[in-house]
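Chemist: fold the following and give me the result.
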Amino acid sequence: MRMKHLLKKTAVAALALGVCAAGVLFVPSLSGTGQALADEQVPSVYTGEPVPAAQASLRPIAVMMPTDKKAQPSYGIGNAKVLYEIMEEGDISRQMAIIDDWQGLGRIGNIRSCRDYYISIATEWDPILVHFGGVFYMKDRISAPDINNLSGTSEYGTGGERPGSGSFFRTSDRSAPHNAYISAEGITSACASLGYSLSVRPEYYNASHFTFAPGGNSLEQYGNAVPGNVVDLSNVFTYTKSRFTYNPETGLYQKDIHGSAQVDGLTGQQLTFSNVIIQNTKWSKRDAKGYLAFQTIDSTGDGYYFTRGRGIHITWKKTSDYSPTKYYDDNGNEIQLNTGKTYIGVAQQGRAVMYS
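Modeler: A predicted model of the protein is given here:
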């Protein structure tokens, strides 16, 4: 049994963790006025919106979800507070949904395989990584002791363990590989048997991620802001042709995929985001099979940030697996996001974003 499966089993923490205004995780006192109440509200590290302190202390899941047309819609994807999309081999993209309020979801997925470049992004949230296998390039990282993952099959495709594989299930409404799912109950059970903590791990967790704008951010302070009513990623993700249309009535971007609304199979509701980030990233093709490599840990990448119908040019920086990716405007200041969900498209450098 791997070292990571020997981690001490813990229950969901009775002690609620909070996030202070500076973004630093704190542990409330066990007695007196410092004792956290179950209904105490703290800012979410994912959205900046108030959430119960007990919820803030729980680890999210990072779920690999497909963009294949036949695989739509995904179930539970609407709960993703941060949604990543990155290209993979075959000129098809894949999504990784960071979901903090996964408890109670009866059907999550469908679930597809992972790639190693998703792991370096996932770790900054200290999640439980949920995937259905992967590729051999993941071998060393996915089997490391610090990684807590659930996999429906051999975790790096050509080998490895199958942690929690008994908790996955298939449905009859679609054909494989588009019909593999997991439930919140299955995740909880698998984590208990594997000794995975359901509470954020202080030795890995970093609460300092996004900076949210007090009172909102219209980007009007930037004289060089570009139009951002429509953000078209057809050149970036040529298969899905992901597209965002700003709705001024809601202040949110509505996401399309394959030319129509991308919806959550659980609710039927279209995915919406307060913030859209495009992260241009150095990449290379690894082999004749077309497997890709992305340099997601870099200090010189650029991109765009869109919100409230406008956009600005940005740069981004990520220094290590567990350090958050930080985004800066052209003045060197960290950008201030609007509260709410965020989409991050990790784009292959050299593929142009279209906006109007």
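Chemist: just say helix, strand or coil for Ser120.
Modeler: Secondary structure, DSSP: H, G, I helix; E, B strand; the rest coil: Ser120 is helix.
Chemist: check contacts around the residue nearest to it when sequence neighbours are not counted.
Modeler: Nearest non-adjacent residue to Ser120, counting by CB to CB, 6 or more residues apart in numbering: Thr296, 4.9 Å away. All C-beta atoms are positioned from the backbone trio N, CA, C, and that covers glycine. By CB atoms under 8 Å, 6 or more residues apart in numbering, the residues touching Thr296 are Tyr117, Ser120, Ile121, Thr281, Lys318, Thr325, Val346.
Chemist: look at Thr296 and report its pLDDT.
Modeler: pLDDT for Thr296: 92.
Chemist: repeat for the one 5 residues further on
Modeler: The model reports Gly301 with a pLDDT of 92.
Chemist: distance check, it against Arg310.
Modeler: Relative to Arg310, Gly301 is positioned 21 Å away (CB to CB, to the nearest Å).
Chemist: now the residue nearest to Ser120: how far from Glu88?
Modeler: In terms of CB to CB, Thr296 sits 14 Å off from Glu88.
Chemist: what's the answer for Trp125, then?
Modeler: 20 Å.
Chemist: what of Ile142?
Modeler: 16 Å.
Chemist: sorry, back to before: between Trp125 and Glu88, which one's more packed in?
Modeler: Using other CB atoms under 10 Å as the criterion, Trp125 and Glu88 rank with Trp125 on top: 26 against 20.
Chemist: quick one: residues contacting the more buried one.
Modeler: Shown in contact with Trp125 (CB under 8 Å, 6+ apart): Pro60, Ala62, Val82, Ile98, His209.
Chemist: burial measure for the last one, as a count.
Modeler: Think His209. His209: 21 neighbours (other CB under 10 Å).
Chemist: what does Thr319 give?
Modeler: Neighbours of Thr319 using other CB under 10 Å come to 12.
Chemist: just to check, it is in contact with Ile297?
Modeler: Yes: under the criterion of CB atoms under 8 Å, Thr319 makes contact with Ile297 at 6.8 Å.
Chemist: what pLDDT does the nearest residue to Asn338 once chain neighbours are set aside get?
Modeler: Leaving out its chain neighbours, the residue that sits closest to Asn338 by CB to CB, 6+ apart is Ser274, at 4.5 Å. According to the prediction, Ser274 has pLDDT 98.
Chemist: for Ser284, see how far away Ser274 is.
Modeler: Ser274 sits at a distance of 33 Å from Ser284 (criterion: CB to CB).
Chemist: got it, and Gly166?
Modeler: Taken as CB to CB, the span from Gly166 to Ser284 is 37 Å.
Chemist: give me the more crowded residue out of the two.
Modeler: Taking other CB under 10 Å, Gly166 and Ser284 do not tie; Gly166 has more neighbours (13 against 10).
Chemist: distance of the nearest residue to the more buried one once chain neighbours are set aside from Trp125?
Modeler: Once flanking residues are discounted, Gly166 sits nearest to Ala190: 7.5 Å by CB to CB, 6+ apart. Applying CB to CB, the value for Ala190 to Trp125 is 19 Å.
Chemist: before we move on, what about Phe294?
Modeler: 17 Å.
Chemist: and Ile297, by the same measure?
Modeler: Ile297 is 15 Å from Trp125, by CB to CB.
Chemist: what about His258, how many neighbours?
Modeler: 15.
Chemist: what's Tyr253 sitting at in phi/psi?
Modeler: For Tyr253, the backbone dihedrals are phi -90, psi 130 (criterion: degrees, to the nearest 10).
Chemist: longest helix of this protein?
Modeler: helix 184-194 (DSSP state H).
Chemist: now do it: which elements does it pack against?
Modeler: If contacts are counted by 3 or more CB pairs under 8 Å, 6 or more residues apart in numbering; DSSP states H and E, helix 184-194 sits against strand 128-131, strand 149-151.
Chemist: tell me which of these lies nearest to Gln72.
Modeler: Evaluated with CB to CB, the helices and strands packed on helix 184-194 place strand 128-131 nearest to Gln72, the distance being 18.7 Å.
Chemist: who touches the following helix or strand past that closest one?
Modeler: Counting by DSSP states H and E, the next helix or strand C-terminal to strand 128-131 is helix 139-142. The contact list for helix 139-142 (CB under 8 Å, 6+ apart) reads Cys114, Asp116, Ile119, Ser120, Gly134, Ile147, Asn149, Glu155, Tyr156, Thr158, Gly159, Gly160.
Chemist: isn't the fourth one right next to Ala293, touching?
Modeler: I take that to be Ser120. No: taking contacts as CB under 8 Å, Ser120 lies outside contact range of Ala293: 10.9 Å.
Chemist: so where is this structure shaky, pLDDT-wise?
Modeler: The model of the chain has pLDDT under 70 over residues 1-38.
Chemist: spatially central, which residue of it would that be?
Modeler: For the chain, the residue sitting closest to the mean C-alpha position, by CA atoms, centre = their mean, is Ile98 at 3.4 Å.
Chemist: chain center to the one helix or strand that one maps to, what's the gap?
Modeler: Taking DSSP H and E as the definition, one finds Ile98 inside strand 92-99. Centre-to-centre, strand 92-99 and its host chain are 7 Å apart (CA atoms, centre = their mean, to the nearest Å).
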